[in-house]
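In: from the sequence below, what's the structure:
(chains A, B and C)
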Amino acid sequence: MRIINKHFNIKQIADSGQCFRMNPVTEKRYGLTAFGRYIELEQVEEDIVEIYCGEDDYRRIWKDYFDLDYDYGLIVDRLCGGSDEFLKAAAAYGSGIRILRQDPFETLISFIISQNKNIPAIKACIERICRAYGEQKKDDASGKVYYTFPSCERLAGARLEDLRAMKLGYRDEYVIAASRAVAAGDIDLDKLKAGSHEEAIKELKKIKGIGSKVANCISLFGLHHIDAFPVDVWVKRVLSEYYRDGFDAGIYGGYAGIVQQYMFYYIRHIHGRQT
DNA sequence: GTCCAGGAACTCA
DNA sequence: TGAGTTCATGGA
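Out: Predicted structure coming up:
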């Protein structure tokens, strides 16, 4: 499927820290494992992405996954036409970023693991978990062997001693507890997705190992509450370097999470961070 | 070898 | 509420 969209850049999305299983195959081609499938995408032109899937899969899965019904140009234009110089530059630089609609459980576990780790380390941990607990599959189109992200039931049944080999550090017990809570129905992610961002944060923070930042990431990237505003070390850096007088995310009511992604992506670029 | 990472729990004031 | 400490592990 060929997608023509001025705000769809797969490299920017892959490097925006929201997903951990989208990696380069060649310079312009990326492989992505999500929802039990593997696909490849290619940035053909600045505003053209080729998604290597059939029209049926595109309509059922990937159109929604890449949030292609939403007009990111509206927000980029608004920021670029505004008076906030940092956001002007940030939005222009990351204008191809989109907020993916990822699987809630995968996002929950991924961001529990993410705490106090850099992105390559997070990716390595998740890959180990998928190899050990996920399902091995083979993509017919590319011939690529891949591993799906494990279900909550599968991870809920994991033994702590075994999970320890995944090198999650002290986060391993958080992962098991959270998986068991989801499997048991103590946490209803679908319900949190249907509800408000505030409600989701309140419920997510009840889980040990989930604080404000991780809860906001899960809300934004897993439940698609785009009014979430995760503050990690990089966003803190932005706020202290460029907003000495304070920053009110509330003025971007409704889409603060998208603004936050432009900030995150841009400040990392300024500091020369590739991964 | 040192510092840091999409932090959170815990302690103590 | 707020500041300081501790927690595993690996990337840079």
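
In: from here on, contacts and neighbour counts on C-alpha atoms
Out: Will do.

In: residue of the stretch 151-275 of chain A with the smallest distance to DNA strand C?
Out: A:G169 (3.5 Å; Cα to the nearest atom of the strand).

In: in the stretch 1-150 of chain A, which residue sits nearest DNA strand B?
Out: Closest point on the stretch 1-150 of chain A to DNA strand B, by Cα to the nearest atom of the strand, is A:N118, at 2.3 Å.

In: dihedrals phi and psi, that residue?
Out: Main-chain dihedrals, A:N118, degrees, to the nearest 10: phi -90, psi 170.

In: up against DNA strand C, what does the stretch 101-250 of chain A have?
Out: A:116-118, A:120-121, A:124, A:164, A:167-170 (Cα under 7 Å from any atom of the strand).

In: show me what from chain A comes close to DNA strand B.
Out: A:16-18, A:111, A:114-120, A:205, A:207-215, A:217, A:230-235, A:260-261, A:264.

In: swap the cut-off to 6 Å and go again
Out: Contact residues, chain A versus DNA strand B (Cα under 6 Å from any atom of the strand): A:16-18, A:114-119, A:208-215, A:230-233, A:235, A:261, A:264.

In: beyond the longest strand seen in chain A, next helix or strand please.
Out: Using DSSP state E to define each element, chain A has its longest strand at strand A:37-45. Going down the chain from strand A:37-45, the next helix or strand is strand A:48-51, by DSSP states H and E.

In: residues touching A:K205, list them.
Out: Contacts for A:K205 (Cα atoms under 8 Å, 6 or more residues apart in numbering) come out as A:211-212, A:215.

In: which of those sits closest to DNA strand B?
Out: A:G211 (3.1 Å).
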